[in-house]
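K.L.:
Based on what follows, work out the 3D shape:
(one chain, ligands or ions: 1)
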Amino acid sequence: MTPPQVVVHRDKELMAKAAAARLITKVVDAQAARGSASVVLTGGRNGNALLAALAEAPARDAVDWSRLDLWWGDERFLPEGDPDRNYTQARAALLDAVPLVPARVHPMPASDGPFGNDVDAAAEAYAEELAKAAGPQDHGPVPTFDVLMLGVGPDTHVASLFPEHPGVRETERMVIGVRGAPKPPPTRISLTLPAIRAAREVWLLAAGEDKANAVAIALSGAGEIQAPAAGAHGRGRTLWLLDKAAAAQLPKQLYPLASA
Ligand SMILES: O=C(O)[C@H](O)[C@@H](O)[C@H](O)[C@H](O)COP(=O)(O)O
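P.N.:
Predicted coordinates:
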C-alpha cells in the first residue's frame, strides 16, 4: 500500500478551491482515458465546500457532466428532500447547476422511499445498485471509483464508520445500515472500508483545529478500528487535503505547506 500523501493549504477556503480544481483535472483525465468518470461524494462542511467551489470554478465545464457517475460514501437516513441529507446539500452546492444525467446520479435511499424506515433494506438495495454497476475489470462488487472523497470527523470517523462501532469492523458487505451514530442523525447508510478501498484514489478532507488531533492520530499508524480514517486508503493513491489548522499536529518537516 502506497503511503498517504498530504497537501496542506493556508486555510479551508483555499483548500476547497484547490481540491475542486484537483477534482476537475482528475475527472477530465479519467474521461479522456476511459470515456467516463466515477466519483463518490462525501457529506459534511468540507465536502460541500468543495462542491460549491467546483460550481464556481472557471474550468468547471471542462468536465463532461453527461459522462460522470456520482455515488455517495454515506447518507443520513432521512426523508427525501430533508435539508440534512447529503444529497440535498450536494444538489444545492453543485448538482442542480450542472447538466448531469439523472440515471448516472446515485443517491442513497431516503427513509420515506421504497424501503420505508428499514435502513438495512435500504443499504442492501444500494449495495445491489453498486454491484450492477460493477464490471469484470472491477475489484469486487462495486465499480472502480476514480475518486472517493471523505470528510474526516474529530473522532477520526469517515463516512458513517465510527471508532469501535460495528460498521468499521465489516469485512464482507459493501454497504451497511448504521444505528446509534455518535454524529446526528443517528441512523445512516454507509459504504464500508472494503468498498472505500476499492477506489483508485481516496481523498480525505479535513480543515480546522478541531481536526488536528484526528489527522495526527490517523496518520501516525493507528488501527482502523480505533481510527477509521486510518483504514481509508485507495488502491493507487491516498491523499489528505488539509488546511494549516488541521495539519498543526503533524511533523512540519514531513508535510511542507503547499500554499503559504
Ligand atoms: O454524513 C456526514 O456527516 C459525513 O459524511 C461525515 O462523514 C463528515 O464528512 C464528517 O463528519 C466531517 O464533517 P465536516 O467536514 O463537516 O467536519
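K.L.:
for Gln137, what are its contacts?
P.N.:
Thr144 (CB atoms under 8 Å, 6 or more residues apart in numbering). Quick note: C-beta positions are derived from backbone N, CA and C, even for glycine.
K.L.:
same check, this time on the one 10 residues further on
P.N.:
By CB under 8 Å, 6+ apart, the contact list for Val147 reads Leu23, Lys26, Val27, Val39, Val40, Ala199, Arg200, Glu201, Val202, Trp203.
K.L.:
what do you get for Ile176?
P.N.:
When contacts are counted by CB under 8 Å, 6+ apart, Ile176 touches Asp120, Ala123, Pro166, Gly167, Glu170, Ile189, Ser190, Thr192.
K.L.:
and what of Val63?
P.N.:
Val63 makes contacts with Ile24, Val27, Val28, Gln31, Ala37, Val98, as judged by CB under 8 Å, 6+ apart.
K.L.:
Now intersect these with the strands, please.
P.N.:
Mapping the contacts of Val63 onto strands (DSSP state E) picks out Ala37.
K.L.:
got the contacts of Val63 as a markdown table, with distance to Lys183, neighbour count and pLDDT columns?
P.N.:
What follows is the contacts of Val63, written out as a markdown table (distance: CB to CB, whole Å; neighbours: other CB atoms under 10 Å; pLDDT from 0 to 100):
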| residue | distance to Lys183 | neighbour count | pLDDT |
| --- | --- | --- | --- |
| Ile24 | 29 | 18 | 98 |
| Val27 | 29 | 23 | 98 |
| Val28 | 33 | 15 | 98 |
| Gln31 | 34 | 18 | 98 |
| Ala37 | 29 | 23 | 98 |
| Val98 | 28 | 14 | 98 |
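K.L.:
what's the neighbour count on Pro166?
P.N.:
Neighbour count of Pro166, defined by other CB atoms under 10 Å: 12.
K.L.:
Identify the residue nearest the residue of the stretch 101-250 of the chain found nearest the ligand in space, chain neighbours excluded?
P.N.:
Of all residues in the stretch 101-250 of the chain, Gly151 sits closest to the ligand, at 2.3 Å by CB to the nearest ligand atom. Excluding its sequence neighbours, the residue lying closest to Gly151 (CB to CB, 6 or more residues apart in numbering) is Gly44, at 3.3 Å.
K.L.:
ok, the one you found touching Pro154?
P.N.:
No - applying CB atoms under 8 Å as the test, Gly44 and Pro154 come out as separate, 11.2 Å apart.
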